[in-house]
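Asks: Sequence first, predicted coordinates after that:
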Amino acid sequence: MLQIFSSVMDGLLIGLVYGLAAIGLTLIFGVMDVVNLAHGSIIALGMFFLYLFFGAGLHPYLSLVPVAILGFFFGVIVYLIAVKRIISGPPLMSLLSTFSVSMIIIGIGTALWSTSPYNINFKVETYNILGYTVTSARLIAAVAAVLVTFGLYFFLYRTVLGKAVRAVANNREAAELMGIPSQQILAISFGIGTMLAMLSGALIATLFPFTILSGGVYELKSFVASVLGGLGNPTGALLGGIILGLIEGSVAPFIQISWTNVIEFVIFVLILLFFPTGLFGGRK
Amino acid sequence: MSALLELNGVETGYGEVQVLWGVSMAVEQGRMTTLVGANGAGKTTTMRAIMGIVHPWKGAVRFQGEDVTRLSAHDKAQMGLVLVPEGRQLFSDLTVEENLEMGAYSPRARKSLDENMRKVYGFFPRLEERKRQKAGTLSGGEQQMLAVGRGLMADPVVLMIDELSLGLAPVLAQSLFATLKRLKDAGLTIFLVEQNVHLALALSDYAYVLAEGRVKIEGPSHEVARNEEVREAYLGI
Amino acid sequence: MKFLKSPFFWIVIAVSLLYAVYPKLGNNITLRETLVLSAIYVILATNLNLMIGYTGYVNFGSIVFFGLGGYLTLWLIGGYGWNLYAAVLFAGVVTSLLTLALGFGILRLRGAYFALATIGVNEAVKDFVSNFDKWGGSEGIFLPFSTYKSMGGAVHALWTVYFLIIGVMALSLLLSWFIKRSKFGLGLFAIREDEDAAIVLGVKAPVYKAIAYSVSAFLPAVAGGLYFFKNGSIVPEEAFNLHLSIESIVMVMLGGQGTVTGPWVGAFLYERLRGLLLTTPSLSNFHLVIAGVLLLLIILFAPGGLMGWLYKRWARVRGVLE
Amino acid sequence: MSTPILEVRNVTMTFGGLTAVDDVSFNMAEGEILGLIGPNGAGKTTLFNVINGVYKPTRGNVVFRGRDITGLPPYDVVRLGLARTHQIVKPLNEMTVLENVVVGACFGAENLGLEPAQYVAEEVLEFTGLLQMKDELAGKLNIALKKRLEVARALAANPRLLLLDEVLAGLNPSEVAKMLDVIRSIRDRGISILMIEHIMQAIMSLSDRIVVLNFGQKLAEGTPDEVANDPQVIEAYLGDPEMAKRILEEEEA
Amino acid sequence: MKKGWLLLLLVGILGIAQAQTVKIGLTVSKTGKYNVESVNQLNGIKLWQQWINGQGGIPVGGKKYKVELKYYDDESKAERVQQLYSRLISQDKVDFLISPYSSGLTAKAAIISEQYGKVMVATGAASDSIFKLGYENVYQIYTPASRYLTSTVDMLKAADPSLKKIAVVYEDSKFAKAVATSAREYAKKAGFDVVLFEGYPKSTTDFGPIINKIKASGAQALVGGGHYADGATFARQLFEQKVPLKMIALLVAPASDEFAELGDAAFGVVAPSQWEPLVKYQQTCGPSPAQFTEMYQKAYGKVPAYRAAGGFAAGLILQKAMMEAGSIDSAKVRAALDKMDLTIFFGKIKFSTDPKSHGLQLGHEMVQIQWQKKDGKLVKEIVWPTNAKTSDLIYPIR
């Protein structure tokens, strides 16, 4: 019983972080119909940016701030170089151009940091709640994920710029006609999506060791989470992440752990086939 | 007096297909100008060329005496050249109020956001009733009201409307036109594309008849309305 | 026998013969191993092109065919003592049939959704095989050395496998060429250009797509069987390496999608380029970066690939190189 | 009387809450040209999509030459001899004009092989006056030629009934005249035609009968003369001459 | 006159032939996932080359053969391995081969070496299964996977005869699974109750679900692990989650010096190791463990890890076989390897000659290390076998 409780709690906490990563992916898709295949490597980059600031003596949680700022500008640059030109082209083009960005990031990352694992070594408290053991890092990561998500919601629904992002996502031409500079908004959206991916990467780095290749796993998880929640739907992505975490947690006690991935991907394909707009409704 | 909005020999099209062949027009301050013509004559393309969604290949667009041919659509919108596009093009996932707010995106319009919002709600009380509703869930008539309202929120110097009554029941069309007339009477410059020729010609001050991408006839609306040639070319009976 | 008159047919035959004979004459094993890799790339890219270039569906997980073919082959040879020829044919047919069934499902998805689903399928299969004890789970399948002895010794067996792979390469190119000139191919191109229009014109798109998907699985599966037989072992990460899938797309794009020659040239050039980058010490650390920049440049500035560029310059090339 | 070539029986098509076509019925006789008119958004194209199987109607049936084809996918409908064109042209851009038409011939009613399809295609191209540009890429044609290509492709399928969706829209008068000639000669080949059109002059002179749709419902049906003089039609479609007056009056009141 | 020139030329050639060379080929993973381990291994091999060439070469049949190494980067990739080993044999005409790092790559190389009948000494490859495929030319230096954790089980039994419940948790990879499977069998035979036997996927970084299972199983000791990254993470999370285990033995990771970076989480963790600088084997030939360590430190400025030792040992064994055979002929060297039974600084070396497992290492044994604290600093101590130990096992650790 305790095991199941622990598993579910673990799943929930990590699921929030998956959800944050997925929001980054789904936001970009929702606004500009681009499936960002550089998502994974950007997550990994977030891990290493955190590592750099941490190495420079900043506390890991304080480092989240510069990581976020860096992530935003990095995203804007990626948009301007690799996405802007092909944004209205067929889906293959944006898939491949973001993939090539991924190759470049991983290539440079490998040259800089090799492919060996890195760690953020800082003091972590352990709490025991009714026999369930949880570390402060996990709690903080989950809380941070929730806070960032709330922040994003505040931005999207309460600020003019955020509403403009939604307007551009909804109808780029009409937005342009209303005086909204759509290219700027797209660049900003890509920046925000990238920022979220990097933040989730940074939070993951406070929990687990990472390499420049680590992003791949979380990219796939982001796909699963955002498809579960309906591609293009940020709330859905967060819920998708939580569901994913809960699936991981709740099946673990009953099967060999290594089957978890099989279950995840089978669910992924089935959802795509039978609920292409996800469980919570996404863009068609 | 030079016109508020002027087109000089505008040529444009899509890909290699030319649609407009040297279109020249002028929209005078305070007037309602209308553009009529058959389907495919190039009315919508004219509107899109003015806004810069389709780039003019040749010719110039002047707004308030300034050459704006090369400016992007959002720049022109911020200057007060506002188009209510064909097919409404609402932000269907945003609420009614958010749609209106987006209409006032430009810094110029944002200053008088509250005031304009009150005005729009005054014109279209239905919109206020539904301000929390998503635009996509509105009925056709309400959507057209919102489209016009959103255009008004931009505090337009010239309001261009592409197909106001398209797909609307006559009663609704009538009330929209009544609103338009009131706006005109209040001094707004309006440039209208309309398939309902009778209405368009009856309400407007000046008219252009477009065919095959060229201006065939122009003149004060009541004169154009009496022109048999127009009836023949457009109505076909 | 109209095809006998086509220069393209003879170009394929000549190049394949050159591939086959040249290393054998000099008994140059290094060259042979290099050419095997190049031939495998050509096979993967050419068959992938049937989906991307002909049908307009971006298959990101095409490597699953290669891996399944490899697994089925090694399982039949290692576990049941089948001979190589029977095993690879069987592997090809089974993979094709599975793909056909899968195709009726996931080809309902379009654009990015289809691409994501193919990634999902590949990863699901990989993780499944990693857990599937009959196929050795994560340990994979290792062939006993005696397998090669029964084929006249390892040296002889590996040459045989090499010739077979070259044969599959030639078949892939010819298949791609025949499809392009067939009514079936015409239907596929119509789907690529505008699926809804094609359906209205009478193209049975769901069936055509599924068949194209299934056909594009056959030869890669056979090649997978041969390749992993040559390696003597197979493990999930090597069999279902998503990266190779995506590299195949790069090859197709590099050469020019929708043409027969494009993926061929693209695969060849990509292999050369990779080799060059990896063996040049100053570049080897950056081979991924250079490949990425190259891909980005192609997408941004030459989306038609090499062939698209050639066709634009010299329209007559079209007559000789399909 | 022989069986009608097409019977539309009580067809209703709804999308979500929106009813695009509302209980529409009419028949078409063999060899007839039937015009389908109505304001934009009246449901004409939706009705076409229901007839050729792009949509399965929410209610009602479509019967073609005595056979119920409701819900049959478009590729099977073509096989039976019912071809169509699109209002927004859908050329296969990266294929040549000839290839476009060969697709039509290959997958049409005759299910031809590539070579015979080639002959049919050339013949159709000659007939539609596109032969000299058969090797152009379809995407490079201008709008008039693209429209003609739509017709040629549909014709290559060797249909008994042809649905033409605004093939005249966007053409200049001389192009319209050419297209009208093409349509007449199609009729002379014994092919029945159901056409959506906005250019009144054209549709009035071509059609044997006309069906008028408004807000998804059938508003009127009859000969061109009957329809043109129907006040309901005039109001719905041509605009109510009195409306302007009413607005002006209201303003003054 | 002409004849005189020819004669001179002939003498010249013979003179050169006097200072003969023997070419040894291999691939190194200079890039890719095996980069660190593989380069370590290469360092050992190069050290051996310097050492033997410094003595004038390998004395074989009255002549001295200088060692020439020929190696390429295999990028840790299977397809490169086959290509490059073919090249080594057919183009570079090497006389003998040393394996690449890792069992996976070695298996690929073995097929090539086997088809050309070239002897290949396999180091950095602990798999059993490669040697059960009927190869005749491949010889293993490492203790095979099946015996990796068996002595750990022995040690645990000696330390706490009352302990019953153990968990075997392994990385789902070829190597770790093989180790874990035989450890489970061995533990069962030794009377333990294996309450959990579970693999985790290779890329695992979140051990939460596994740890929950360990807790639920009531296990008192844990053996398992996989490679470095997962092992280090596993150890850290076991510590953070305060899992009440009396002994934790993990493969590979704790044997590395970097493991100390884990701090308190490293304390008490046990690992089997192929070799440690402090071992006290009585070698019958070659340098002693201490001499080797000193040489290595001089050359590379750091203490050798077992992979470097394995590299050196691979060279040394080839050298020994050539000397015994009195020839560099492959068949004769193969016969000498088959007969070989000796102890070097690396430990005992003896190969299986059973056709079903030809080349499998039978002689070499693992040592057990444990991370302990000396003056507040974490240090690696050898705790098993008892005759080689530098410190007593700390038990229980929690």
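Replies: The structure has been received and is ready for your questions.
Asks: so C:G224 sits right up against C:L74, yeah?
Replies: No - the pair C:G224 / C:L74 is not scored as a contact, 9.6 Å apart, by Cβ atoms under 8 Å. No exception for glycine: its C-beta is placed from N, CA and C like everyone else's.
Asks: Please see if the helix or strand where C:I166 lies touches chain D.
Replies: According to DSSP states H and E, C:I166 maps onto helix C:153-180. No - figure legend: helix C:153-180 not in contact with chain D (Cβ under 8 Å from any Cβ of the partner chain); closest approach 11.6 Å.
Asks: thinking again about what came up before, of C:G224 and C:L74, which one has the most company?
Replies: Each of C:G224 and C:L74 has its neighbours counted (other Cβ atoms under 10 Å in any protein chain shown); C:G224 has more, 31 against 28.
Asks: And the nearest residue to E:A305 once chain neighbours are set aside, which helix or strand is it part of?
Replies: Distances taken as Cβ to Cβ, 6 or more residues apart in numbering or on different chains put E:N40 closest to E:A305, at 5.6 Å, once the chain neighbours are dropped. Assessed by DSSP H and E, E:N40 sits inside helix E:35-54.
Asks: Can you list the helices and strands that the helix or strand containing C:E237 packs against?
Replies: Secondary structure from DSSP H and E places C:E237 in helix C:236-239. Applying 3 or more Cβ pairs under 8 Å, 6 or more residues apart in numbering or on different chains; DSSP states H and E, we find helix C:236-239 packed against helix C:63-80, helix C:111-131, helix C:205-231.
Asks: out of these, which comes closest to B:R132?
Replies: Each of the helices and strands packed on helix C:236-239 has some distance to B:R132 by Cβ to Cβ; the shortest is helix C:111-131, at 32.2 Å.
Asks: Only alpha carbons, please: show the closest one as CSV.
Replies: In CSV, the C-alpha atoms belonging to helix C:111-131 read as follows (Å, rounded to 0.1, in the frame of the first residue of the first chain):
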residue,chain,number,x,y,z
GLY,C,111,1.6,15.8,-41.6
ALA,C,112,3.3,16.1,-38.3
TYR,C,113,0.9,13.7,-36.6
PHE,C,114,2.0,10.9,-39.0
ALA,C,115,5.6,11.7,-38.4
LEU,C,116,5.2,11.6,-34.6
ALA,C,117,3.3,8.3,-34.9
THR,C,118,6.1,6.7,-36.8
ILE,C,119,8.6,7.8,-34.1
GLY,C,120,6.2,6.3,-31.5
VAL,C,121,6.0,3.0,-33.4
ASN,C,122,9.7,2.7,-33.7
GLU,C,123,10.3,3.5,-30.0
ALA,C,124,7.5,1.1,-28.9
VAL,C,125,9.0,-1.7,-31.0
LYS,C,126,12.5,-1.0,-29.7
ASP,C,127,11.4,-1.0,-26.1
PHE,C,128,9.2,-4.1,-26.7
VAL,C,129,12.1,-6.0,-28.3
SER,C,130,14.4,-4.9,-25.4
ASN,C,131,12.0,-6.8,-23.1
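Asks: what lines up beside the helix or strand following that helix in the sheet?
Replies: Toward the C-terminus, helix C:111-131 is succeeded by strand C:141-142 as the next helix or strand (DSSP H and E). Next to strand C:141-142 in the sheet, as set by DSSP bridges, lie strand C:233-234 (antiparallel).
Asks: which residues make contact with the strand it pairs with from outside it?
Replies: By Cβ atoms under 8 Å, 6 or more residues apart in numbering or on different chains, the residues outside strand C:233-234 that reach it are C:G67, C:G70, C:Y71, C:L74, C:G140, C:I141, C:F142, C:L143, C:F228, E:A107, E:K108.
Asks: do the same with stretch E:69-84
Replies: C:30, C:33-34, C:37, C:230-231, C:238, C:278, C:284, E:23-35, E:38, E:42, E:45-46, E:49, E:87-88, E:92, E:94, E:100, E:102, E:104-105, E:108-109, E:111-112.
Asks: quick one: that stretch to chain centroid distance?
Replies: Taking Cα atoms, centre = their mean, to the nearest Å, the mean C-alpha location of stretch E:69-84 is offset from the chain mean by 19 Å.
Asks: quick one: average pLDDT of that stretch?
Replies: Stretch E:69-84 shows a mean pLDDT of 86.
Asks: Could I get the contacting residues of whichever residue of chain C sits closest to chain D?
Replies: Nearest to chain D, among the residues of chain C, is C:G202, at 3.1 Å (Cβ to the nearest Cβ). By Cβ under 8 Å, 6+ apart, C:G202 lies in contact with D:P74, D:Y75, D:V78, D:R79, D:G104, D:C106, D:F107, D:G108, D:A157.
Asks: can you rerun that using 6 Å?
Replies: The neighbours of C:G202, taking Cβ atoms under 6 Å, 6 or more residues apart in numbering or on different chains as the test, are D:Y75, D:V78, D:F107, D:G108.
Asks: just D:E94 next, same as before
Replies: C:E193.
Asks: Look up how far B:I190 lies from it.
Replies: Going from D:E94 to B:I190 by Cβ to Cβ, to the nearest Å gives 43 Å.
Asks: between the contacts of C:G202, which is closest to E:D128?
Replies: Checking the contacts of C:G202 one by one against E:D128 (Cβ to Cβ), the nearest turns out to be D:Y75, at 58.2 Å.
Asks: Which helix or strand contains the closest one?
Replies: Following DSSP H and E, one finds D:Y75 within helix D:74-79.
Asks: tally of neighbours for the residue nearest to E:A305?
Replies: So E:N40, with other Cβ under 10 Å, has 23 neighbours.
Asks: Please apply the same query to E:K30.
Replies: 19.
Asks: which residues sit in contact with it?
Replies: E:D73 are the contacts of E:K30 under Cβ under 6 Å, 6+ apart.
Asks: could you check the distance from it over to chain D?
Replies: Counting by Cβ to the nearest Cβ, to the nearest Å, the separation of E:K30 from chain D is 45 Å.
Asks: go on, A:G162?
Replies: 28 Å.
Asks: element containing that residue?
Replies: helix A:160-170.
Asks: In the top helix by length along chain A, which residues are buried?
Replies: When chain A is parsed with DSSP state H, its longest helix is helix A:2-32. For helix A:2-32, the buried set under the neighbour-count rule, 16 or more other Cβ atoms under 10 Å in any protein chain shown, comprises A:3, A:6-11, A:13-32.
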